[in-house]
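Undergrad: sharing a sequence plus its predicted fold:
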Amino acid sequence: MFVNLQGADPEAVRRIAAAMAIAFGGLGPALGIGLGVKAALEAIGRNPEAENAIRTTMIIGIGLAEAVAIYCFVVALILVFV
Amino acid sequence: MEVHASLRAEDLFYLGPVPITNSMLMAWLALALLAIVGFLAGRNPQLVPTGVQNVVEVILEGLMGLVQNTAGPRARRVFPLIATLFLFIVTANYMALLPGVGTILISNPKAEAAPSSAGLHTAGVAEAAPLEAETATTKKAVTARHELAMIPLLRAANADVNMTLGMGLIAFLFIHGSGIAVHGLRGYWVNDLANPPLMTPIKLIIECFVPVSLSMRLFGNVFGGEMLMTVMSFPIIAIPFLFMELLFGLIQAVIFSLLTLIFTSLASYVPPGHGDDHGDAHGQAVHLAH
């Protein structure tokens, strides 16, 4: 069930780990951003006058959710380049 | 296709013991640009603004509206730092899209010092030699791998972790300095950090994580954008990615400055109608400070 990594080339394992880091790290933020935008769209639909405030808050929320993906991206960069 | 990228900003020269990186050079250029625009805008201030003064006033009034929405009465005190963070990050991110950034190469001053890497004449990452070396000392192999012969002269200012971490630390000091200035050292601890006393360790960890998250978010976005542009540097295919870079550069600047503003407002929050004499003294202090 588990892959036997004994004697494997560390460079190759590093690359695979980097790919896995960014692949799994992108799932959560993608879902989170989708849900956030969905809520913002519903709010704009109910109250079109508050569009500016809703849009600004949505952008901030998207930035925060995306930061988690960026953390995984930075880990992947560290794996590949350091 | 070989991707020439280095996580660390490359050193160009030394000022005494301090290395000056290409990102630092770009940050100085952004600083110079902002200083020149500011000087031109404020040279002969007119009551009815025209030209450069008009543009700058539009930008600053927009920012002030945003800050006043969140900060309320403290808006004028926090505005200089928030606006500076926003303007600097936007300028640095947009200047990184100019032609010449990342493409003008100079010879690496360190490549002459290390004879083992003098044989690297390509701008790519050499992997053949270190892989055959002892795998037990992969760290030595990795450091030898990154002594490239040619390094870019300019690199996005925020693609250096030192830059973003520095700004994050400034934001951290500003947030807690504001909290201490408003509540007093003991008041800040008792009211905000130790409010449910068992939450103190968690709150301390969260507070220490804020500058890390601010800096890593900005660094990841800008460095990832740079690598994306390096990979997608084909004539017509690069256009949508350039638009994405424009959008994300602006969004990241907004997020950095607005998050600093929000944390500052949270730390310096005084409930309205806290006490009449307390409110008066607070108001007087604010007025005297101007």
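TA: That came through fine. Numbers count the residues shown, from 1 in each chain, chains lettered A, B, ... in the order given.

Undergrad: now do the helices in chain A.
TA: A:10-25, A:27-46, A:51-81 (DSSP state H).

Undergrad: pick the most buried one from those helices.
TA: When you average the neighbours per residue for each of the helices of chain A (mean count of other C-beta atoms under 10 Å in any protein chain shown), helix A:51-81 leads with a mean of 18. Heads up, the C-betas are built off the backbone N, CA and C, glycines and all.

Undergrad: up against chain B, what does chain A have?
TA: A:9-11, A:53, A:56, A:59-60, A:62-64, A:66-67, A:70-71, A:73-74, A:77-78, A:81-82 (C-beta under 8 Å from any C-beta of the partner chain).

Undergrad: please redo it, this time with the cut-off set to 6 Å
TA: Taking C-beta under 6 Å from any C-beta of the partner chain, the part of chain A that reaches chain B is made up of A:10, A:60, A:63, A:67, A:70-71, A:73-74, A:77, A:81.

Undergrad: how about those residues, which pair is most distant?
TA: Spanning the widest gap among these are A:10 and A:60, at 40.2 Å by C-beta to C-beta.

Undergrad: so which residue is dead centre in chain B?
TA: residue B:164 (3.8 Å; C-alpha atoms, centre = their mean).

Undergrad: tell me if I'm right that it and residue B:215 touch.
TA: Yes: when contacts are counted by C-beta atoms under 6 Å, residue B:164 is listed as touching residue B:215 (3.8 Å).

Undergrad: now the residue most central in space within chain A: how far from residue B:227?
TA: For chain A, residue A:69 is the residue whose C-alpha lies nearest the centre (C-alpha atoms, centre = their mean; 2.7 Å). Note on residue A:69: its distance to residue B:227, by C-beta to C-beta, to the nearest Å, is 15 Å.

Undergrad: next one: residue B:270
TA: 45 Å.

Undergrad: pLDDT averaged over the helix or strand where residue B:20 lies, what's the number?
TA: In this structure, residue B:20 sits in strand B:18-21 according to DSSP states H and E. Computed over strand B:18-21, the mean pLDDT rounds to 90.

Undergrad: thought residue B:150 was touching residue B:102?
TA: No: checked against C-beta under 6 Å, the pair residue B:150 and residue B:102 is beyond contact range at 11.7 Å.

Undergrad: looking at these two, which one has more neighbours?
TA: For residue B:150 versus residue B:102, the count of surrounding residues by other C-beta atoms under 10 Å in any protein chain shown is larger for residue B:102: 22 against 17.

Undergrad: next, the more buried one: secondary structure please.
TA: Look at residue B:102: counting by DSSP: H, G, I helix; E, B strand; the rest coil, its state is coil.

Undergrad: which residue packs closest to it, ignoring adjacent ones?
TA: Computed as C-beta to C-beta, 6 or more residues apart in numbering or on different chains, the closest residue to residue B:102 that is not its neighbour in sequence is residue B:152, at 4.8 Å.

Undergrad: pLDDT wise, what is the one you found at?
TA: pLDDT, residue B:152: 88.

Undergrad: do the same with residue B:134
TA: Listed pLDDT for residue B:134 reads 41.

Undergrad: what of residue B:238?
TA: 87.

Undergrad: show me the contacts for it.
TA: By C-beta atoms under 6 Å, 6 or more residues apart in numbering or on different chains, residue B:238 lies in contact with residue B:232.

Undergrad: repeat the analysis, applying 7 Å as the threshold.
TA: For residue B:238, the contact set (C-beta atoms under 7 Å, 6 or more residues apart in numbering or on different chains) comprises B:229, B:232.

Undergrad: by mean pLDDT, flag the weakest helix or strand of chain A.
TA: Lowest by mean pLDDT, DSSP states H and E among the helices and strands of chain A is helix A:51-81, with a mean of 87.
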